[in-house]
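Chemist: Could you look at this predicted model? Sequence included:
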Protein chains: 2
Amino acid sequence: MAKPERSDGTVGKALEILDAVASKGRPVRFSELLAESPLPKATLYRLLQTLTNQGLLAYDAELHTYTLGLRLVRLAHQAWKQSSLAPIARPHIDRLAARTGETIHLAQMDQGQVLYVDKRNAAQPIEMFAQAGKVGPGYCTGIGKAIMAFLEPAAREAAIARQAFLRHTPNTITDPQTLAAELERIRAEGVAFDREEHEPGIICIASPILSGGAPGGRVIGGVSITTSTARRSLEELAALRPDLEETARAIGADAAHWQFPA
Amino acid sequence: MAKPERSDGTVGKALEILDAVASKGRPVRFSELLAESPLPKATLYRLLQTLTNQGLLAYDAELHTYTLGLRLVRLAHQAWKQSSLAPIARPHIDRLAARTGETIHLAQMDQGQVLYVDKRNAAQPIEMFAQAGKVGPGYCTGIGKAIMAFLEPAAREAAIARQAFLRHTPNTITDPQTLAAELERIRAEGVAFDREEHEPGIICIASPILSGGAPGGRVIGGVSITTSTARRSLEELAALRPDLEETARAIGADAAHWQFPA
DNA sequence: CGGTGAGTTCCATATAATGAAACTCGTTTT
DNA sequence: AAAACGAGTTTCATTATATGGAACTCACCG
């Protein structure tokens, strides 16, 4: 059969439902989910019941709506502690934030997207989960490009293929070929820049984090320094390169014996 | 049959595995999981494969270990935004933190435990997920007692029954009867105190958050002000009660049309 | 060189998921 | 007020899926 078979049985279906609820970003009614789901009414219904009584979804009996459940928050806390670079990288990015006075992002790749796992915000107060767990596009962020550039060729191709290539600004890369060429340049150069490709006025310099902190190591994430054109020029940002690279190297070295997330 | 039947089919089993991995807090080998699981080898194996290729677990091919996957972090970000009180409560707890200069916790009840969904730390820098997603015992924290005190009688009994009653300090409540009496007092009084019941030297005052911000509303969470005996006495802490209650009331009012997590 | 144990695959069987259809209940239409 | 409707829920025979005992592979150990 020519079927890709991506379903993974019941668990896969349950996850699709969670994603569907997550993607709405607001309480969802049964009928909305039904309309978008290939599953028949009864099946969807029972799956929702299961998810609800497992605490992965929460059901509001008055409004007849589902939202993601708090049990996910608990699990994620553990996941973040044990599978993300954040705990290891914390002292390093704290130092970088203090030294540069700019916003620092720490991210890993998850399913073709950039998943931010930690952040230091120069001035502003904290924002907790509002920051970690956020995802961004890989093709138009510095950190996304930095990570993709250092993936194995096969994985890189796969990642490129998953990008949406939506134009966000005049500088956004909107096709696979241009992106591939840009990644080539980044791999040669060692760092990636976001030249207002995602948001006008926002620029960044990003470095991949290589396992072991040495060239040749597997890429396990990325760090970036973000600023606005109002605060610094691209050249001034480029001047922070040594600090950024030293931070990335140090994180990579500390994480040498880390496992890689798919 | 006298069977409680808590399993929920395949999805339930998959969740149990996730919990098992989570509870270890470190990379786990297949055989460790097998030893603790009632599932036969083959079943556990295939379930792990499913979870891994769904991104809920990450597998390290070199070390043959599993850890929680980053996909959970993504989902949790959404869950936190749409199902927790945190986004709604943020301005209120920011204000309370600024006014009191003490550490503020915002929590909700999840399966008998206190789940912290946000935190403001007086002095120290941020710690992101390291804070939100954390769980604590319900029977020996101010916020846990405050929430439990205002649950419906049936839910309160159920919550009491789920407590571990481990002695953490000389002041810890270690039996259901004492806890029930304490909750009675808290319900009459309106606020709960943690008198070094969980950690020596740490005290707190906590208020339930009632839906609508008015007495009679369903309890949807709690806020607390925590300090150490070195900084303030219980009496001084009690003096912050008006600020605390006003904050809880305001959050409850803003959340009036919120759904309740099971 | 044979043994041991972790991890993986096989396959007949049992179990759990499925989905068409019927039902309930609250709301809208006539 | 009755009828029609639509969202949500339940039923049950059927089917697809998960199951788990056992056999296999492979690396390491004695």
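Modeler: On my side now, so go ahead. Numbers count the residues shown, from 1 in each chain, chains lettered A, B, ... in the order given.

Chemist: Which parts of the stretch 101-250 of chain A are helices?
Modeler: Taking DSSP state H, counting those that start in this stretch, the helices of the stretch 101-250 of chain A run over residues A:142-149, A:153-161, A:176-189, A:234-238, A:241-254.

Chemist: Can you say which of these is nearest to chain B?
Modeler: Checking the helices of the stretch 101-250 of chain A against chain B by CB to the nearest CB gives helix A:142-149 as the closest, at 13.1 Å. The way it works is simple: take the backbone N, C-alpha and C, and place the C-beta from them, glycine included.

Chemist: Can I get that closest one in CSV, CA atoms only?
Modeler: The C-alpha coordinates for helix A:142-149 follow below in CSV (Å, rounded to 0.1, in the frame of the first residue of the first chain):
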residue,chain,number,x,y,z
GLY,A,142,17.8,33.4,13.3
ILE,A,143,17.8,30.6,15.7
GLY,A,144,15.8,28.4,13.3
LYS,A,145,18.2,29.0,10.5
ALA,A,146,21.2,28.4,12.7
ILE,A,147,19.9,25.1,13.9
MET,A,148,18.8,23.9,10.5
ALA,A,149,22.1,24.9,8.9
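
Chemist: Would you reformat the helices of the stretch 101-250 of chain A as JSON lines and include mean pLDDT?
Modeler: Conversion of the helices of the stretch 101-250 of chain A to JSON lines gives the following (pLDDT from 0 to 100):
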{"stretch": "helix A:142-149", "mean pLDDT": "96"}
{"stretch": "helix A:153-161", "mean pLDDT": "92"}
{"stretch": "helix A:176-189", "mean pLDDT": "96"}
{"stretch": "helix A:234-238", "mean pLDDT": "94"}
{"stretch": "helix A:241-254", "mean pLDDT": "95"}
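
Chemist: I'd like to know which of these lies nearest to DNA strand C.
Modeler: Nearest of the helices of the stretch 101-250 of chain A to DNA strand C, taken as CB to the nearest atom of the strand: helix A:153-161 at 20.1 Å.

Chemist: anything in the closest one near chain B?
Modeler: No: using CB under 8 Å from any CB of the partner chain, helix A:153-161 stays clear of chain B, coming no nearer than 14.1 Å.

Chemist: out of the helices of the stretch 101-250 of chain A, which comes closest to DNA strand D?
Modeler: Proximity to DNA strand D (CB to the nearest atom of the strand) singles out helix A:153-161 among those, at 22.9 Å.

Chemist: what angle separates that closest one from helix A:142-149?
Modeler: Here the directions of helix A:153-161 and helix A:142-149 differ by 140 degrees (axes from the mean of the first three to the mean of the last three CA atoms, to 10 degrees).

Chemist: Now do helix A:153-161: which elements does it pack against?
Modeler: Judged by 3 or more CB pairs under 8 Å, 6 or more residues apart in numbering or on different chains; DSSP states H and E, helix A:153-161 is in contact with helix A:142-149, helix A:176-189.

Chemist: taking the helices of the stretch 101-250 of chain A together, which one is wrapped up most tightly?
Modeler: Each of the helices of the stretch 101-250 of chain A was given a mean neighbour count from mean count of other CB atoms under 10 Å in any protein chain shown, and the largest, a mean of 29, is that of helix A:142-149.

Chemist: Closest residue of the stretch 1-150 of chain A to DNA strand D?
Modeler: For the stretch 1-150 of chain A, CB to the nearest atom of the strand, closest residue to DNA strand D: A:G9, 2.0 Å.

Chemist: May I see the domains of chain A written out as residue ranges?
Modeler: Using automatic domain parsing, the domain ranges for chain A come out as A:9-69, A:83-254.

Chemist: I'd like those domains written out as TSV, with distance to B:I147 added.
Modeler: As requested, these are exported to TSV (distance: least, CB to CB, whole Å):
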stretch	distance to B:I147
domain A:9-69	16
domain A:83-254	20
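
Chemist: Point out the most buried one among those domains.
Modeler: Mean neighbour counts for the domains of chain A (mean count of other CB under 10 Å) peak at domain A:83-254, with a mean of 19.

Chemist: Now do that one: distance from first to last residue.
Modeler: For domain A:83-254, the first-to-last residue distance is 14 Å (CA to CA, to the nearest Å).

Chemist: What sits closest to A:F165 if chain neighbours are left out?
Modeler: Leaving aside its chain neighbours, A:F165 sits nearest to A:T174 (4.9 Å; criterion: CB to CB, 6 or more residues apart in numbering or on different chains).

Chemist: List the contacts of the one you found.
Modeler: Each residue near A:T174 by CB atoms under 8 Å, 6 or more residues apart in numbering or on different chains is listed here: A:F165, A:L166, A:R167.

Chemist: Take those residues and keep only those in strands.
Modeler: Secondary structure assignment (DSSP state E) places none of the contacts of A:T174 within strands.

Chemist: per-residue confidence at A:S211?
Modeler: Looking at A:S211, its pLDDT stands at 88.

Chemist: pLDDT at the closest residue to it other than its chain neighbours, what is it?
Modeler: If the residues on either side of it in the chain are set aside, A:S211 comes closest to A:G217, at 3.9 Å by CB to CB, 6+ apart. You'll see A:G217 listed with a pLDDT of 85.

Chemist: just to revisit the earlier point, okay, the helices of the stretch 101-250 of chain A in JSON lines with distance to DNA strand C next?
Modeler: Converted to JSON lines, the helices of the stretch 101-250 of chain A look like this (distance: least, CB to the nearest atom of the strand, whole Å):
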{"stretch": "helix A:142-149", "distance to DNA strand C": "27"}
{"stretch": "helix A:153-161", "distance to DNA strand C": "20"}
{"stretch": "helix A:176-189", "distance to DNA strand C": "32"}
{"stretch": "helix A:234-238", "distance to DNA strand C": "45"}
{"stretch": "helix A:241-254", "distance to DNA strand C": "26"}
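
Chemist: picking up where we left off before, and the residue nearest to A:F165, how far from A:D94?
Modeler: 36 Å (CB to CB, to the nearest Å).

Chemist: Repeat that for A:L57.
Modeler: Using CB to CB, we find A:L57 at a distance of 36 Å from A:D94.

Chemist: May I have the phi/psi pair for the residue nearest to A:F165?
Modeler: Dihedral pair for A:T174: phi -120, psi 10, per degrees, to the nearest 10.

Chemist: any idea how far DNA strand D is from it?
Modeler: 38 Å (CB to the nearest atom of the strand, to the nearest Å).

Chemist: okay, that residue: pLDDT?
Modeler: 94.

Chemist: What of A:A86?
Modeler: A:A86 is assigned 89 on the pLDDT scale.

Chemist: Just grab the bridge partners of the residue nearest to the spatial centre of chain A for me.
Modeler: For chain A, the residue nearest the mean C-alpha position is A:L115 (1.4 Å; CA atoms, centre = their mean). For A:L115, the beta-bridge assignment (DSSP bridges) gives partners A:Q108, A:V135.

Chemist: so A:L34 is in which element?
Modeler: For A:L34, the host element (DSSP states H and E) is helix A:30-36.

Chemist: elements contacting that helix?
Modeler: Secondary elements touching helix A:30-36 (3+ CB pairs under 8 Å, 6+ apart): helix A:9-24, helix A:41-53.

Chemist: The ones you listed: which one's closest to DNA strand C?
Modeler: DNA strand C lies closest to helix A:41-53 among the helices and strands packed on helix A:30-36, at 3.2 Å (CB to the nearest atom of the strand).

Chemist: what mean pLDDT would you report for that closest one?
Modeler: pLDDT averaged over helix A:41-53 gives 91.
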